[in-house]
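>>> one predicted model, sequence on top.
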Amino acid sequence: MKIIRISAIWCSSCILMKSRFNDVIKDYDIEVIDYDYDLDSDKIEEYNVGNILPVYIKGDERLVGEHSKEELREFIER
C-alpha cells in the first residue's frame, strides 16, 4: 500500500501528526511518499491540496488535518 503525505516544516499540525503517523504505520506494510507544501508545488497542484495540512492520500481517499491514532488506523484499514 502507498500513502502520500503532504506537509510543511512550518505547520505545527504536521509536526504533531508526523510522529503520530509514524507510530501507527509501524504495524503495516506501507510505502510513504512525502511532499513538502512549499517545495513541491507541482504535486500540490496535481493533488489539489488546499490550505489545511497535513494531507494523507490513499487511492481516492484523503485524511486532512489532525487526527487520533485510532482515526489513522481506520483510514489505513479502509
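Happy to help now that I have it. Numbering: from 1, shown residues only.

>>> which stretches of this structure form strands?
Taking DSSP state E as the criterion, the chain contains strands spanning 2-7, 31-36, 55-58, 61-64.

>>> format the ones you listed as TSV; extra columns: mean pLDDT and mean neighbour count.
Just so you know, the C-beta spots here come from the backbone N, C-alpha and C atoms, and that holds for glycine as well. Below are those laid out as TSV (pLDDT from 0 to 100; neighbours: other C-beta atoms under 10 Å):
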stretch	mean pLDDT	mean neighbour count
strand 2-7	98	19
strand 31-36	97	14
strand 55-58	98	19
strand 61-64	97	16
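
>>> any chance of these in JSON lines, plus distance to Asp23?
Formatted as JSON lines, the strands of the chain follow (distance: least, C-beta to C-beta, whole Å):
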{"stretch": "strand 2-7", "distance to Asp23": "14"}
{"stretch": "strand 31-36", "distance to Asp23": "13"}
{"stretch": "strand 55-58", "distance to Asp23": "14"}
{"stretch": "strand 61-64", "distance to Asp23": "15"}
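
>>> ok, the residue nearest to Arg5 when sequence neighbours are not counted - contacts?
Nearest residue to Arg5 in three dimensions, chain neighbours excluded: Asp34, at 5.1 Å (C-beta to C-beta, 6 or more residues apart in numbering). Residues in contact with Asp34 (C-beta atoms under 8 Å, 6 or more residues apart in numbering) are Ile4, Arg5, Ile6, Ser7.

>>> now do Asp27
Arg73.

>>> ok, it to Tyr47 distance?
Using C-beta to C-beta, to the nearest Å, Asp27 is found at 26 Å from Tyr47.

>>> same deal with Glu77?
Going from Glu77 to Tyr47 by C-beta to C-beta gives 22 Å.
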